[in-house]
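# model this:
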Amino acid sequence: MVDALDSVFEDSIPDVYDRYLVPLIFEQYAKDLARRAIEIDPSDVLEVAAGSGVVPRAVAAALQPSARYVVTDLNQQMLTRAESMQENPERIEWRQADVVDLPFEDGSFDLVLCQFGAMFFPDRVEAYRQVARVLKDGGVFVFNMWDRLEENEFAFEVTRALAGEYPSDPPSFLRRTPHGHYEWDTYRSELAAAGFEHVTIETVVAVSSASHPSIPAIAYCQGTPLRNEIESRSPTSLAHATEQATKAIRERFGDGQVDSQIRAFIVTAN
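The predicted structure is shown next:
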């Protein structure tokens, strides 16, 4: 179940997220979505839950110049960050929007993209119904989701380290939300309930690299809503928690450059 704080990306979180977490785990999958978008060759594209804009940075330049590209996110602060980082922001229509109440006409888009956002939707079936509503006949919905926590090694080590720090009340954001929705049968049943008839799912494994063990620790502890969980236990505990996460990563992967597995699923629904 998604916690109320799981979708809160405020204060310094968007900056840390974009600076550390995006190159660590998101850029490779954004390039994968861009490749898939090119193959579809859409004329009208909607992206939901765009975060700090790693997918727009990959996709916008790949689309035909005449293609319309609308980028949305629930958090205006994340959307502002995304627009500020875009090389040609005027190429995109930026809209603050909730995916369960999309402000677009029926049949407006022939492609809807979502990178690692569906796990944050409070009602995924209703969100998928909205996506289906705004798609044209024959339109395509492409999104990705993380595999279980144990298959994403930096995130697992951070979670394990924090469980050791707070044994009576371990922070569970990473296990609960980003890595808590990995059952293929659930994807299929929720999409079917929303009206999608054809669903394919692929596994994509990649390597996550950082120049130092502190980078993944900062990325997860300070650049995600995990920060909200840490600070709710003690407002002064963020630095210590980050240090403990760094120690755990160093112990498993060594000092200097560290490399680990990341694993996700790519879902295509028509």
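# And the worst-scoring helix or strand of the chain on mean pLDDT, what does it pack against?
Among the helical and strand segments of the chain, the one scoring lowest on mean pLDDT, DSSP states H and E is helix 13-16, with a mean of 86. In terms of contacts (3 or more Cβ pairs under 8 Å, 6 or more residues apart in numbering; DSSP states H and E), helix 13-16 is packed against helix 76-85, helix 214-222. Any C-beta I mention is one placed from the backbone N, CA and C, and that applies to glycine too.
# As TSV, those helices with distance to residue 174 and mean pLDDT would be great.
Formatted as TSV, those follow (distance: least, Cβ to Cβ, whole Å; pLDDT from 0 to 100):
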stretch	distance to residue 174	mean pLDDT
helix 76-85	18	92
helix 214-222	7	97
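# Residue 262 is nearest to which of those helices?
helix 214-222 (10.6 Å; Cβ to Cβ).
# Can you list the buried residues in the least confident helix or strand of the chain?
Buried positions in helix 13-16, judged by neighbour count with 16 or more other Cβ atoms under 10 Å: 13-14, 16.
# With stretch 18-30 instead?
By neighbour count on 16+ other Cβ under 10 Å, the buried set for stretch 18-30 is 18-30.
# Tell me where the stretch 1-150 of the chain has strands.
44-47, 68-73, 93-96, 109-115, 135-146 (DSSP state E, counting those that start in this stretch).
# among the buried residues of stretch 18-30, which one has the lowest pLDDT?
pLDDT across those is lowest for residue 18, at 90.
# doesn't residue 52 make contact with it?
Yes. With contact defined as Cβ atoms under 8 Å, residue 18 reaches residue 52; the gap is 3.9 Å.
# what sits in contact with each of the two?
Common neighbours of residue 18 and residue 52 are listed as 81, 85 (criterion: Cβ atoms under 8 Å, 6 or more residues apart in numbering).
# residues contacting the residue nearest to residue 36 when sequence neighbours are not counted?
Take residue 36 and drop its neighbours on the chain: the residue closest to it by Cβ to Cβ, 6 or more residues apart in numbering is residue 142, 5.6 Å away. Applying Cβ under 8 Å, 6+ apart, we find residue 142 in contact with 33, 36-37, 111-114, 266-269.
# Let's see that with 6 Å instead.
Contacts here follow Cβ atoms under 6 Å, 6 or more residues apart in numbering; on that basis residue 142 touches 36, 113, 268.
# Show me what it bridges to in the sheet.
Using DSSP bridges, the bridge partners assigned to residue 142 are residue 113, residue 268.
# Can we start the residue count at 508 from this point?
Okay, residue one is now 508; in that scheme the one you just asked about reads as residue 649.
# on that earlier part again, quick one, which of the contacts of residue 649 are buried?
Those of the contacts of residue 649 that meet the buried threshold are 543, 620, 775, by 16+ other Cβ under 10 Å.
# So the first one versus residue 622, what's the distance?
Here the distance between residue 543 and residue 622 works out to 11 Å (Cβ to Cβ, to the nearest Å).
# Where do the helices of the stretch 658-777 of the chain begin and end?
660-672, 680-683, 691-700, 721-729, 733-740, 745-760 (DSSP state H, counting those that start in this stretch).
# can you put the strands of the stretch 508-657 of the chain in a markdown table and add distance to residue 765?
Formatted as a markdown table, those follow (distance: least, Cβ to Cβ, whole Å):
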| stretch | distance to residue 765 |
| --- | --- |
| strand 551-554 | 31 |
| strand 575-580 | 30 |
| strand 600-603 | 35 |
| strand 616-622 | 24 |
| strand 642-653 | 19 |
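# quick one: which of the ones you listed is nearest residue 564?
Closest among the strands of the stretch 508-657 of the chain, using Cβ to Cβ: strand 575-580, at 10.5 Å.
# Report all helices and strands that that closest one contacts.
Judged by 3 or more Cβ pairs under 6 Å, 6 or more residues apart in numbering; DSSP states H and E, strand 575-580 is in contact with strand 551-554, strand 600-603.
# Done for today, thanks.
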